[in-house]
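Colleague: The following block contains a protein sequence and its predicted model.
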Amino acid sequence: MITSPEQLAEYRAKCRSAQTLLRPRLLVGMATCGLASGAAKVFAALREEAALRGVDIDIVATGCKGACFLEPLIDAVIPGKARVTYAGVTVEDVPDLLDAVLAGAVYAKRALARETAECLLIEDCAEPYPADANLEGVPAYDAVPFFHGQLHLAMRNCGYLDPTSIDEYIARGGYAAAARALTTMTPEQIIEAIKTSGLRGRGGGGFPTGRKWESCRKAHGTPKYVVCNADEGDPGAYMDRSILESDPHSVLEGMIIGSFAVGANQGFIYVREEYPLAVERLRHAITQAEELGLLGTNIFDTGHDFTLRINRGAGAFVCGESTALMASLEGRVGEPRAKYIHTVESGLWGKPSCLNNVETWNNVPVVIQRGAEWFAGIGTEGSKGTKVFSLVGKVRHVGLVEVPMGMTLRAVIEGIGGGVPEGRQLKAIQTGGPSGGCIPAEYLDSPVDFESLSSLGSMMGSGGVIVMDDRTCMVDVARYFLAFLKDESCGKCVPCREGTGRMLDILTAICEGRGEPGDIEILRDLATVMSEASLCGLGTSAANPVLTTLQYFADEYQAHIADHTCPAKVCRALLRYSILTEACTGCAACAKVCPVNAISGERKSPHVIDETACIKCGQCYEICRFSAIEVA
Amino acid sequence: MSEQTATCMDTILDEVLGRYPARPSSLIAVLQDLQEALNFLPPVALNRVASALHVPRSQVYHVATFYKAFSLTPRGKHLVSICRGTACHVQGDEKVADMLHAELGIRDGETSADGEFTLQSVRCLGCCSLAPVIMIDREVFGNLTAAALRRALAQYRDDMTS
Ligand SMILES: Cc1cc2nc3c(=O)[nH]c(=O)nc-3n(C[C@H](O)[C@H](O)[C@H](O)COP(=O)(O)O)c2cc1C
Ligand code: SF4
Ligand code: FES
């Protein structure tokens, strides 16, 4: 049991010396993304090889550093030497990698970067690593384009520790912020610090966290609740999953501090059901924190009690909305209610409830530990700190990227992301999930922060950044989002339920070449009604994907409606596939790949596509090595 | 329903209901565990849950039909979830749907004739860096090509023969 900051410091010292290694240690990135890239095989091979050789080495599973395009990633920590990250490690690399690590050397073939200092979340914590001639060829982290300019606060521990070990979390400075907040600060001082830091909610709305806490503290009624929104519904965003899988204790610590500040003794974490690993990690973390007395009764001997429960979502996007989430926690259907009275006053079971996003909670210990002013020194005037973005879609370096707010879209997409692949043209950037919008390439020099994105008609949302190239049809993207929203609308209020359906009908018609001249006006009318009359954020922002594409890509709508063509060649109904007789060598690759056998012809002579049978799946186009398939 | 499956169902119900306090807020968790144990939510189970948790039957059905995780009809042995998130859409989720249709002959919400696979669309599996992505039961398969998809399905088909 840890009951004082001194005991925590002692415990930390013990954990650190246990880890200030006597033997080398390999950390394999095994979050969901790593696992899907074959990390489990590499992990097993490493263990097997190490056992076979009977060598003294730790091989542990860690979380995700964000460089998903380089998975499987392995960090090697050798006593007295700098931490080195290896990328794209395969089972075949295992023997050589082990040889190198055991010899205290570098396995140059897969070496990606080296750490220059060990940084922990305690003061004066950056301990530089000793110089090492072996490392001369290995770039420092900041010299790797993907990491250049990144600042990992929320992801401070991701990929650095074993997420199933509370000792490792504590060794890296974990729970020190909770100890400080509970034993040296009053709830009001904590709230003041959060306000001064400028921390705003990372779940989409960007509401100032300190103000929310203050309202909840002042609200009448007991008991009070704190809730973590881990429903992560925005498609294309997965930072919350990564944080939960890679560093679950950081969220618990934030919630302990928050519960003390607002005066709650019970907390809930609402995790979407598609994240089984995150649930497992959280369960484990809660048990460990309870065992050490960091959760439970009389935490740090302050008289503060706090218990945490996990609830799994059941597959409804709208449950990310605050009132729907609370209804779902109560065991009811996730239908939002009108928010004349805010959830900070009347939330779960009608009691004051403070709901924050995963990344928001995870930032709280940073604010307490590094100081509100320090935190407020990062970012822009209105948007403080860093934000984790998931950089996905048509971009070279896909992954999670954490940067100070206010960095330009260009620096994120071209600098860190390496731009769009294969010499394609960047067309648009989608941010903010289904409530956000598509920003055209012209605005690449805009900064990424709450205000700038809103002024472009989009929003920050939970941080999904989906890069689209010239092969993306913006009308199809609008149709896609409306299909999503129609499907996810809870149906409680008419403007959203009927509006999303009507919009989808119209957009589908346009994509299928049945668009009519008045359609755009109807879309705009619907957008106005929905944004004014819907009950919750899903409905009020549902038209954003349509409005931004109309604003920036009007000519594409025109091409679909007036000329019945899809310039990006995406909308299937408007495409025709045919084979260019002169170019076709009769290799029959297309005939083999066609799922409906619509392609016929003699071997070594030109083939033909039966247009009536063709389902326009495009597989022939992709497989043909002679550019003989024409799409018109 | 035969007597034997009825008692088996009762045992599962007792076991699952025993995991949670008998109050309305346990409803979703109970239904989730039952869905996992039974692969669908039969009417007898829903009625038992209603009386055990003191929730009106109408509300139990409301919840069971509102959330996508629940199915009132039996699902196939393996659940294939195809990601329809934005990243996957941009990287060709339609093509994955076509490939799945070609392999299994089923579309969204359907179960293959042999009862092996049920196909469902989901919004973002949180592996957007690997788009396009599918999940079979709890295993994620990313950067899907036709060949990779065939391998993945075969793995699950083999599972049942072994
Ligand atoms: C339709 C809808 C879906 C939402 N989904 C999420 C979500 O998945 N995760 C999240 O943190 N916030 C989501 N939100 C925002 C929440 O309502 C709420 O503002 C947020 O969780 C508050 O936490 P924060 O202040 O830390 O951002 C959603 C809002 C709406 C209207
Ligand atoms: S706006 Fe849509 S999701 Fe929100 S309450 Fe109305 S119908 Fe439900
Ligand atoms: S969009 Fe498919 S996993 Fe996120």
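Modeller: Yep, that arrived. Ligands and ions are numbered 1, 2, ... in the order given.

Colleague: In the helix or strand harbouring B:V30, which of the residues would be classed as buried?
Modeller: Applying DSSP states H and E as the criterion places B:V30 in helix B:27-38. Of the residues in helix B:27-38, B:27-35, B:38 count as buried by neighbour count, 16 or more other C-beta atoms under 10 Å in any protein chain shown. To be clear about C-beta, it is placed using only N, CA and C from the backbone, and glycine gets the same treatment.

Colleague: now swap in stretch A:344-355 and tell me
Modeller: In terms of neighbour count (16+ other C-beta under 10 Å), stretch A:344-355 has its buried residues at A:344-348, A:351-355.

Colleague: what residues does the helix holding B:V30 touch?
Modeller: A:273, A:311-312, A:314, A:328, A:331-332, B:9, B:12-13, B:16-17, B:19-20, B:41, B:45, B:49, B:53, B:55, B:59-60, B:63-64, B:67, B:69-71 (C-beta atoms under 8 Å, 6 or more residues apart in numbering or on different chains).

Colleague: out of the residues you listed, which are buried?
Modeller: A:273, A:311-312, A:314, A:328, A:331-332, B:9, B:13, B:16-17, B:20, B:41, B:45, B:49, B:53, B:55, B:59-60, B:63-64, B:67, B:69-71.

Colleague: In helices, which of those residues fall?
Modeller: By the criterion of DSSP state H, membership of these in helices covers A:328, B:9, B:13, B:16-17, B:45, B:49, B:53, B:59-60, B:63-64.

Colleague: among those, which are within reach of ligand 2?
Modeller: Filtering those for proximity to ligand 2 by C-beta under 6 Å from any ligand atom leaves nothing.

Colleague: Those: which two are farthest apart?
Modeller: For those, the maximum inter-member distance is 26.3 Å, found between A:S328 and B:M9 (C-beta to C-beta).

Colleague: per-domain residue ranges of the chain.
Modeller: Looking at chain A here, since you left the chain open. Using automatic domain parsing, the domain parsing of chain A gives A:18-141, A:175-375, A:386-469, A:474-563, A:576-631.

Colleague: my question was about chain B
Modeller: Recorded structural domains for chain B (assignment: automatic domain parsing) are B:3-66, B:78-161.

Colleague: right, so of those domains, which gets closest to A:E622?
Modeller: Comparing these under C-beta to C-beta, the one sitting nearest is domain B:78-161, at 8.7 Å.

Colleague: Please see if the closest one touches ligand 1.
Modeller: No. With C-beta under 6 Å from any ligand atom as the criterion, ligand 1 is not reached by domain B:78-161; the gap is at least 10.1 Å.

Colleague: Distance from that domain to the middle of the chain?
Modeller: In terms of C-alpha atoms, centre = their mean, to the nearest Å, the centre of domain B:78-161 is found 13 Å from the chain centre.

Colleague: And for stretch A:129-138?
Modeller: 33 Å.

Colleague: Could I have the CA atoms of that stretch written out in CSV?
Modeller: Presented in CSV, the C-alpha positions along stretch A:129-138 are these (Å, rounded to 0.1, in the frame of the first residue of the first chain):
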residue,chain,number,x,y,z
TYR,A,129,22.4,8.8,-22.3
PRO,A,130,26.2,8.3,-22.4
ALA,A,131,28.0,8.7,-25.7
ASP,A,132,28.3,5.6,-27.7
ALA,A,133,30.4,5.2,-30.9
ASN,A,134,28.2,2.3,-32.0
LEU,A,135,25.4,4.7,-32.5
GLU,A,136,27.0,7.1,-34.8
GLY,A,137,25.1,5.9,-37.8
VAL,A,138,21.8,5.9,-36.1
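
Colleague: Under the pLDDT cut-off, which ranges of the chain? List them.
Modeller: No chain was given, so I picked chain A. A:19-21, A:121-125 (pLDDT under 70).

Colleague: please go with chain B instead
Modeller: For chain B, the stretches flagged by pLDDT under 70 are B:1-4, B:158-162.

Colleague: List, one by one, the residues from it near ligand 3.
Modeller: Contact residues, chain B versus ligand 3 (C-beta under 6 Å from any ligand atom): B:83, B:85-88, B:124-128, B:131, B:133.

Colleague: switch to 8 Å and redo it
Modeller: B:83-89, B:93, B:123-128, B:130-133 (C-beta under 8 Å from any ligand atom).

Colleague: for A:S627, phi and psi?
Modeller: Main-chain dihedrals, A:S627, degrees, to the nearest 10: phi 50, psi 40.

Colleague: contacting residues for it?
Modeller: Taking C-beta under 8 Å, 6+ apart, we find A:S627 in contact with A:580, A:583.

Colleague: quick revisit: which of the domains of chain B sits closest to A:V398?
Modeller: When the domains of chain B are compared by C-beta to C-beta, domain B:78-161 sits nearest A:V398, at 4.1 Å.

Colleague: and the residue in chain B that ligand 2 sits nearest to, how many residues sit next to it?
Modeller: Residue nearest to ligand 2 within chain B: B:F66 (11.2 Å; C-beta to the nearest ligand atom). The tally of other residues near B:F66 (other C-beta atoms under 10 Å in any protein chain shown) stands at 21.

Colleague: Same question for A:P130.
Modeller: So A:P130, with other C-beta under 10 Å, has 8 neighbours.

Colleague: Doesn't it belong to a strand?
Modeller: No. A:P130 is assigned coil when assessed by DSSP: H, G, I helix; E, B strand; the rest coil, not a strand.

Colleague: close enough to count as contact, it and A:K81?
Modeller: Yes. Under the criterion of C-beta atoms under 8 Å, A:P130 makes contact with A:K81 at 7.1 Å.

Colleague: For residue 82, which residues are in contact?
Modeller: If you meant another chain, say so; for now it's chain A. A:114-116, A:129-130, A:132, A:135.

Colleague: Sorry, I should have been clearer: chain B.
Modeller: With C-beta under 8 Å, 6+ apart, B:I82 has these contacts: B:93, B:96-97, B:100, B:108, B:119-122, B:134.

Colleague: Just put those residues in CSV and tack on neighbour count and distance to A:E280.
Modeller: Shown next, in CSV, are the contacts of B:I82 (neighbours: other C-beta atoms under 10 Å in any protein chain shown; distance: C-beta to C-beta, whole Å):
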residue, neighbour count, distance to A:E280
B:D93, 23, 27
B:V96, 23, 27
B:A97, 19, 30
B:L100, 21, 28
B:D108, 13, 28
B:L119, 24, 26
B:Q120, 18, 22
B:S121, 16, 25
B:V122, 21, 19
B:I134, 27, 21
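
Colleague: Tabulate those residues in TSV, adding columns for distance to A:L73 and secondary structure.
Modeller: TSV is the format used below for the contacts of B:I82 (distance: C-beta to C-beta, whole Å; DSSP: H, G, I helix; E, B strand; the rest coil):
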residue	distance to A:L73	secondary structure
B:D93	26	helix
B:V96	26	helix
B:A97	31	helix
B:L100	30	helix
B:D108	34	coil
B:L119	32	strand
B:Q120	31	strand
B:S121	31	strand
B:V122	26	strand
B:I134	23	strand
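
Colleague: related to what we said a few turns ago, restricted to helices, list the residues of chain B next to ligand 3.
Modeller: Per DSSP H, helices hold the following members of those: B:86-89, B:93.

Colleague: Report whether the longest helix seen in chain A contacts ligand 1.
Modeller: Longest helix of chain A, by residue count under DSSP H: helix A:494-511. No. Using C-beta under 8 Å from any ligand atom, helix A:494-511 stays clear of ligand 1, with a minimum separation of 9.9 Å.

Colleague: Same check on stretch A:443-453?
Modeller: No. Figure legend: stretch A:443-453 not in contact with ligand 1 (C-beta under 8 Å from any ligand atom); closest approach 10.9 Å.

Colleague: Kindly report the same for stretch A:387-403.
Modeller: No. Stretch A:387-403 is not in contact with ligand 1 by C-beta under 8 Å from any ligand atom; minimum separation 11.4 Å.

Colleague: Buried residues, that stretch. List them.
Modeller: For stretch A:387-403, the neighbour count (16+ other C-beta under 10 Å) marks A:387-403 as buried.

Colleague: Which residues of chain A lie near ligand 3?
Modeller: Chain A has residues A:235-238, A:392 near ligand 3, with proximity defined as C-beta under 8 Å from any ligand atom.
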